[in-house]
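[1] my questions are about this predicted structure, shown below with the sequence.
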Amino acid sequence: MKRRSFISSVGAAVALPAIFGKASVARSSPFYEMVAANSPVDNENILILIQLNGGNDGLNTVIPLDHYDNLAKARTSLVVPKNEIITVEDTVGLHPSFSQFADLYSNGKAGIVQSVSYPDPNLSHFRATDIWTSASGSDKYVGSGWLGRYLSIYHPDYPDAYPTEKFPDPLSLTIGSLVSTTCQGFVSNMGMAFNSFEDFYNLKSFAEGSTAETFASSHIDFINTLIEQTNIYTKSLERARDQGAGSVRDDRYPETAFGNRMKSVAHLINGGLKTKIYVVTLGGFDTHAGQVETEGESQGLHADLLEQVSHAIDGAYKDLADNGNSSKVLFMTFSEFGRRIAENASYGTDHGTAAPMFFVGDKLNPVIHGDNPVIPDGVTTQENLDMQFDYRSVYYSVLRDWFEVPEDDFSKISLEGFEYIPIIKTNSSVNDDNIISSNIKVFPNPTSDILYIEANSSVSKPAAVIDLSGRRMIDISNGQDGLDVSRLMAGIYIIIDQKGIPLTRFVKN
């Protein structure tokens, strides 16, 4: 019997990591030498990854106001009435049930990446989820998760040598009954599942006495090791529970299982748990039918789900902020795919391709990356949205800027060579606090090709365009009428004067 099948059949008293082979890597092994590296784990940054299971309808969440008329034709029953949409940019609106997220965005604490997918997308729930969690292409089958690989290269001796003095807490926690495959490492899952504290009390070994001569001795010994490790981690979880008591407010969360799980995450972080990654899932987004209750209304199944997500993220962010912890936390959502442009005959939408991803945190570049998706006139029932960003570019950018993964290590995580997206303000980046008050104006902003600059003669003259890392991208000539920025990658850029002082910023689509 394979070890994976054996563990699945055991039915242990606690949710144990899924295993793919031997649990530890010998320090004499060449594999250990390959994965061992100078770790960027010393920063305190935490990722809260939220899976919107089922395929979130991006067009009902982020509404392209410049294509609203065509969207209304394609979705006569489902389109959100224009007077209910929350306008966050001139051409971008949010669903009214996403109001807390809209507030976070208006306060500079949220961002959006538009139209995220991958080439030749798969529209099966199981296969698409496997692709997104493993960070693989649609033609590849990978047994590890993207976050699991990240953790594995800096913790190659996990789980046998853990916890340690430096890492006394679980490396990752899935809030639920099953460990997320996102955190599956090269040889073992790099975390554990947490449903409630009761799950961890009074655990005993799977088998008593010697198992040396039994057919499953290695399997049983390994399970015993995990149970022993879980018992040890229980103490750190209890400590965080006690130290975080009173640090969250019940009224800030929806009274749902998802709301309680997000509240638990905030509680544990405020209690001092040093876990790097939390994974929380909300299901129900497979809205083939009943997406709205009545034709022409915005309320219904999808609205309820969006309210849960928006409400719970907002509550967790505020509880973390009140306890001085919001600056080290990044919220990030993903869904295995989006929905089709046109509605179906059941007040719903069918499996589609590209969809937006959402981010919340203090250190974000609080913008919308990318253009609104194009809704053509006369949409067919099979028509899908075009991809603007590969989801692996998002993963690469988050690991690079949030967890400070060195460029040389991305080949080990299988995320090398993807486009960089400035989702997060880096330590060397120019932010709004650096920009001086002036009468300089740039338009259109965002722009995709030509940027026009108007500067009052009483202020410093614009001299160059730099990126968020400070690299000089374009020189600006005196009296230049229009600046061609078409060759720049999508993102945020800063205009500086002759002395290098930031004057203003613009967004390149």
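    The structure has been received and is ready for your questions.
[2] bridging residues for the residue positioned nearest the centre of the chain?
    Compute the mean C-alpha point of the chain, and by CA atoms, centre = their mean the closest residue is M332, 2.7 Å away. The bridge-partner assignment for M332, based on DSSP bridges, gives L49, F359.
[3] who are the contact partners of it?
    Residues touching M332, when contacts are defined by CB atoms under 8 Å, 6 or more residues apart in numbering, comprise L47, I48, L49, I50, M357, F358, F359, V398. The way it works is simple: take the backbone N, C-alpha and C, and place the C-beta from them, glycine included.
[4] most neighbours among those residues, which one is it?
    F358 (27 neighbours; other CB atoms under 10 Å).
[5] apart from its chain neighbours, what residue comes closest to it?
    What sits nearest to F358 in space, not counting adjacent residues and going by CB to CB, 6 or more residues apart in numbering, is T333, at 4.5 Å.
[6] need the pLDDT of the residue nearest to the centre of the chain.
    The predicted local confidence for M332 comes out at a pLDDT of 98.
[7] tell me where the stretch 101-250 of the chain has strands.
    All strands of the stretch 101-250 of the chain, identified by DSSP state E, counting those that start in this stretch, fall at 110-117, 172-175, 192-194.
[8] contacting residues around the longest one?
    Residues outside strand 110-117 that contact it (CB under 8 Å, 6+ apart): 58, 62, 101, 104-105, 337-338, 353-360, 364-373, 385-391, 394, 421, 423.
[9] so which of the residues you listed sit within helices?
    Judged by DSSP state H, the contacts of strand 110-117 include F101, L104, Y105, Y391, V394 as members of helices.
[10] what's the most distant pair in the residues you listed?
    L104 and Y391 (22.2 Å; CB to CB).
[11] between those two, point out the one with more neighbours.
    Neighbour comparison, L104 and Y391: the larger count goes to L104, with 25 against 22 (by other CB under 10 Å).
[12] how does this structure divide into domains?
    With automatic domain parsing as the criterion, the domains of the chain are listed as 3-10+34-413, 432-508.
[13] most tightly surrounded among those domains?
    With neighbours defined by mean count of other CB atoms under 10 Å, none of the domains of the chain is more surrounded on average than domain 3-10+34-413, at a mean of 19.
[14] ok, back up a step: and the domains of the chain, which one averages the lowest pLDDT?
    Lowest mean pLDDT within those: domain 432-508, a mean of 80.
[15] show me where the stretch 201-350 of the chain has its helices.
    All helices of the stretch 201-350 of the chain, identified by DSSP state H, counting those that start in this stretch, fall at 217-243, 257-270, 301-322.
[16] using CSV, lay out those helices together with distance to V113.
    Formatted as CSV, the entries for the helices of the stretch 201-350 of the chain read as follows, by distance: least, CB to CB, whole Å:
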stretch, distance to V113
helix 217-243, 31
helix 257-270, 21
helix 301-322, 16
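[17] minimum distance to T182: which of the ones you listed has it?
    That would be, of these and by CB to CB, helix 257-270, which comes in at 15.2 Å.
[18] how distant is the closest one from the center of its chain?
    17 Å (CA atoms, centre = their mean, to the nearest Å).
[19] pull the CA atoms of it into PDB?
    What follows is helix 257-270, C-alpha atoms only, in PDB (Å, rounded to 0.1, in the frame of the first residue of the first chain):
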ATOM      1  CA  ALA A 257     -18.200  29.700   9.600                       C
ATOM      2  CA  PHE A 258     -16.000  31.800   7.300                       C
ATOM      3  CA  GLY A 259     -16.400  34.800   9.600                       C
ATOM      4  CA  ASN A 260     -15.400  32.700  12.600                       C
ATOM      5  CA  ARG A 261     -12.300  31.400  10.700                       C
ATOM      6  CA  MET A 262     -11.200  34.800   9.800                       C
ATOM      7  CA  LYS A 263     -11.700  35.900  13.400                       C
ATOM      8  CA  SER A 264      -9.500  33.000  14.500                       C
ATOM      9  CA  VAL A 265      -6.700  34.100  12.200                       C
ATOM     10  CA  ALA A 266      -6.800  37.600  13.600                       C
ATOM     11  CA  HIS A 267      -6.900  36.200  17.100                       C
ATOM     12  CA  LEU A 268      -3.900  34.000  16.600                       C
ATOM     13  CA  ILE A 269      -1.800  36.700  14.900                       C
ATOM     14  CA  ASN A 270      -2.700  39.200  17.600                       C
END
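[20] quick revisit: how close does the residue nearest to F358 get to L47?
    Here the distance between T333 and L47 works out to 12 Å (CB to CB, to the nearest Å).
[21] what do you get for A245?
    Relative to L47, A245 is positioned 24 Å away (CB to CB).
[22] pull up the distance across stretch 402-412, start to finish.
    Across its full length, stretch 402-412 reaches 18 Å between end residues, using CA to CA, to the nearest Å.
[23] now do stretch 291-301: distance to the chain's middle.
    When distances are taken as CA atoms, centre = their mean, stretch 291-301 is centred 28 Å away from the chain's centroid.
[24] residues making contact with that stretch?
    With CB under 8 Å, 6+ apart as the criterion, stretch 291-301 contacts 57, 60, 76-78, 80-81, 84, 95-97, 284, 287, 290, 302-303, 343, 347-349.
[25] now with 10 Å?
    Residues from elsewhere that reach stretch 291-301, judged by CB atoms under 10 Å, 6 or more residues apart in numbering: 57, 60, 75-81, 84-85, 95-97, 284-287, 289-290, 302-303, 305-307, 339, 343-344, 346-349.
[26] mind listing the strands in the stretch 351-500 of the chain by residue range?
    355-360, 368-369, 389-390, 441-443, 450-454, 462-467, 472-475, 482-484, 491-497.
[27] in CSV, list the ones you listed along with distance to P159.
    Formatted as CSV, the entries for those read as follows, by distance: least, CB to CB, whole Å:
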stretch, distance to P159
strand 355-360, 30
strand 368-369, 37
strand 389-390, 32
strand 441-443, 52
strand 450-454, 52
strand 462-467, 40
strand 472-475, 45
strand 482-484, 54
strand 491-497, 39
